[in-house]
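In: here is my input, please return the structure:
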Amino acid sequence: MICKRTLPNGLRIIGEKLENYRSVSIGCWVGAGSIYETAALPGGETLEAGTECGISHFIEHMLFKGTKKHSAEELAELMDLLGGNMNAFTSKDCTCFYAKVTEDSLIEALELIAELVCTSKLDEADIEREKGVVLEEISMNNDSPEDVAHEALCSLYYGSDPLAYPVLGSEKSVGAFTRGMIRSYMARRYRPENIVIAAAGNFDFDKLAEAVAGAFDLAAIAKGAKSAKNTKTAEESSPAPRAGGMSAEGERVKLIEKDTEQTHIALAFPGFAYGAKECYPLLVLNNIIGGSMSSRLFQSIRERSGMAYSVYSSPSFFKSSGYFTVYAGTGEKQAVKVLEMMLGECEKLLKNGVSASEIERSRRQIRTGYILGRENSSSHASSLGRKELLGLEHRTDDEVLALIDGVSADDVHALLPIVCSAGAMKAAIVGRLGASAEALRSLIER
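Out: Below you'll find the predicted structure:
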């Protein structure tokens, strides 16, 4: 059973009691992600010093660097003393601080998360030192051509929409972050009504709610912002992101020359927002196209042709929109042929559709994957937190399984003109392109 409570200050608490579990997973979900970072320039290519691009992710790092009560080393020791695991992540639409512990350590884990979020000292020396860490993280991503291809694809697909902003930011934007900028952003985004505490496992919801009310002194964040120089007031909120979607104009392909062993081809097609009725049919179609070992792309490009080790498809869902990615990494000499095969599979789908056996196999894979994925408290807590933060409907496992089982051939075929249309496609290709660059471009733009 799911229990919900909203505190007088607007902070929301949601929990699911799982009787037969000995663990509890808890997360603090904050509506702070790259889509809320103002003043970033479109596309993520020329993000100058002074923009906020990457600040949500940078704050996630900084909150582990010491609080008013404990140093960073002491915090690490306290985390380990709990015996579970504690970490955080930042995405385009949220930041989450989470822990998974045994039932007897839940309140201690909650209080430690609250200490990080509400009382981090944000020391100037720590900020400068952590810039080096994040810049190394950016460099690490730049050394991964697959990551470069996906980042470029998202930037190309969304154009001037905030969904195009890179979560990590750029060397220039991160290098220019100040304590005042950090405190200002936290005052705008780390507000009670913009935070959800989600828990799942064997715990007492009333005791958890009482502990949350006592631990989360979010007023301290606003006070810190007012004491910093050159900051906006806590009452100034970041603008909501615009409705995402692919621009009908602008370039369709981005070719990035990079000295790599493989050529990395990433294609983007229109997708759907979280909660759209097309989401489950798209999951079924994804498994058929490239989301499983029996998928068309995996069988044709890897198994029958031996032209790629990594080949897959994947949907990306956001609150306002989404897109569908098809990817392959292959040798530079066969890149043109692999791209032809990728596009050819899309053309076959448009012409001939999918078979009943493919749909049944895909539904069964998704159904089983969902059931297996729900056999841990982290999965439950993550689903609760994200859905509550984004204002999505909470569904029982039986309701989700019914939606999966209810996907019909008509539902899947209705998506094909959207998800497999080359005319609505954009592409990012990374590698030693050389003489093949124009051939690759012409295939995309034909």
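In: any figure for the gap between the nearest residue to residue 261 once chain neighbours are set aside and residue 93?
Out: Nearest non-adjacent residue to residue 261, counting by Cβ to Cβ, 6 or more residues apart in numbering: residue 331, 7.8 Å away. From N, CA and C alone the C-beta is placed, and that goes for glycine too. As judged by Cβ to Cβ, to the nearest Å, residue 331 and residue 93 stand 36 Å apart.
In: ok, the two, which is more surrounded?
Out: Neighbour comparison, residue 331 and residue 93: the larger count goes to residue 93, with 22 against 15 (by other Cβ atoms under 10 Å).
In: how about residue 99, what does it touch?
Out: Contacts here follow Cβ atoms under 8 Å, 6 or more residues apart in numbering; on that basis residue 99 touches 25-27, 79, 82, 84-87, 109, 112-113.
In: the stretch 1-150 of the chain: strands as residue ranges?
Out: Ranges of strands in the stretch 1-150 of the chain, per DSSP state E, counting those that start in this stretch, are 2-6, 12-17, 23-30, 85-90, 95-102.
In: let's have those in TSV, adding distance to residue 398 and mean pLDDT.
Out: Shown next, in TSV, are those (distance: least, Cβ to Cβ, whole Å; pLDDT from 0 to 100):
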stretch	distance to residue 398	mean pLDDT
strand 2-6	13	96
strand 12-17	14	97
strand 23-30	21	97
strand 85-90	29	96
strand 95-102	25	97
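In: got a quick PyMOL command for the buried subset of the contacts of residue 99?
Out: Filtering the contacts of residue 99 down to the buried ones (16 or more other Cβ atoms under 10 Å) takes a single PyMOL command:
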select buried, resi 25+26+27+79+82+84+86+109+112+113
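In: from the contacts of residue 99, which is closest to residue 390?
Out: Nearest to residue 390 among the contacts of residue 99: residue 27, at 13.7 Å, using Cβ to Cβ.
In: look at residue 74 and say how many residues are nearby.
Out: Per other Cβ under 10 Å, the neighbour tally for residue 74 reads 12.
In: quick check: pLDDT value at it.
Out: Reading off the confidence values, residue 74 has pLDDT 94.
In: OK, contacts around it?
Out: By Cβ under 8 Å, 6+ apart, residue 74 has no neighbours at all.
In: if we can go back for a sec, let me know the closest of the contacts of residue 99 to residue 438.
Out: residue 87 (45.0 Å).
In: and residue 115, how many neighbours does it have?
Out: 20.
In: can you give me the distance of it to residue 165?
Out: From residue 115 across to residue 165, the span is 29 Å (Cβ to Cβ).
In: over to residue 51?
Out: For residue 51, the distance to residue 165 (Cβ to Cβ) stands at 9 Å.
In: more crowded one of those two?
Out: The neighbour count for residue 51 versus residue 165, taken as other Cβ under 10 Å, is higher for residue 165 (31 against 23).
In: report whether residue 437 is found in a strand, as I expect.
Out: No. Using DSSP: H, G, I helix; E, B strand; the rest coil, the assignment for residue 437 is helix, not a strand.
In: what's near enough to touch it?
Out: Neighbouring residues of residue 437 by Cβ under 8 Å, 6+ apart: 255, 257.
In: not counting its neighbours along the chain, what's nearest residue 409?
Out: Leaving aside its chain neighbours, residue 409 sits nearest to residue 359 (5.7 Å; criterion: Cβ to Cβ, 6+ apart).
In: check whether the one you found sits in a helix, strand or coil.
Out: helix.
In: what residues sit buried inside the host helix or strand of residue 386?
Out: Using DSSP states H and E, residue 386 maps to helix 377-390. Buried residues in helix 377-390, counting neighbours by 16+ other Cβ under 10 Å, are found at 377-378, 380-390.
In: make TSV from those and add pLDDT and distance to residue 307 to it.
Out: Output for the buried residues of helix 377-390, formatted as TSV (pLDDT from 0 to 100; distance: Cβ to Cβ, whole Å):
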residue	pLDDT	distance to residue 307
377	95	41
378	96	37
380	96	40
381	97	41
382	97	36
383	96	37
384	97	42
385	97	41
386	97	37
387	96	40
388	97	44
389	97	41
390	94	39
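In: I'd like these as TSV, with distance to residue 156 appended.
Out: Converted to TSV, the buried residues of helix 377-390 look like this (distance: Cβ to Cβ, whole Å):
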residue	distance to residue 156
377	38
378	33
380	36
381	34
382	29
383	30
384	34
385	30
386	26
387	29
388	32
389	28
390	25
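In: show me where pLDDT drops low in the stretch 101-250 of the chain?
Out: Scanning the stretch 101-250 of the chain with the threshold set as pLDDT under 70 gives 222-250.
In: any idea how far residue 211 is from residue 82?
Out: Residue 211 is 15 Å from residue 82, by Cβ to Cβ.
In: what do you get for residue 420?
Out: For residue 420, the distance to residue 82 - Cβ to Cβ - is 48 Å.
In: for the spatially most central residue of the chain, grab phi and psi.
Out: The centroid of the chain falls nearest to residue 91 when counting by Cα atoms, centre = their mean (4.2 Å). Main-chain dihedrals, residue 91, degrees, to the nearest 10: phi -130, psi -170.
In: hang on, it packs against residue 32?
Out: No. In terms of Cβ atoms under 8 Å, residue 91 does not count as a neighbour of residue 32; the distance is 9.9 Å.
In: ok, and the closest non-adjacent residue to residue 323?
Out: Nearest residue to residue 323, sequence neighbours excluded (Cβ to Cβ, 6+ apart): residue 271, at 4.3 Å.
In: next: residue 361.
Out: residue 294 (6.5 Å).
In: could you pull up the contacting residues of residue 221?
Out: Residue 221 touches 118, 183, 186-187, 190-191, 234, counting by Cβ under 8 Å, 6+ apart.
In: just the residues you listed now: which is nearest residue 257?
Out: If you rank the contacts of residue 221 by distance to residue 257 using Cβ to Cβ, residue 186 comes first, at 39.3 Å.
In: on that earlier part again, between the contacts of residue 221, which has the most around it?
Out: Neighbour counts for the contacts of residue 221 (other Cβ under 10 Å) peak at residue 186, which has 28 neighbours.
In: tell me if I am right that that residue is in a helix.
Out: Yes. Residue 186 forms part of a helix when assessed by three-state DSSP.
In: alright, that wraps it up for me.
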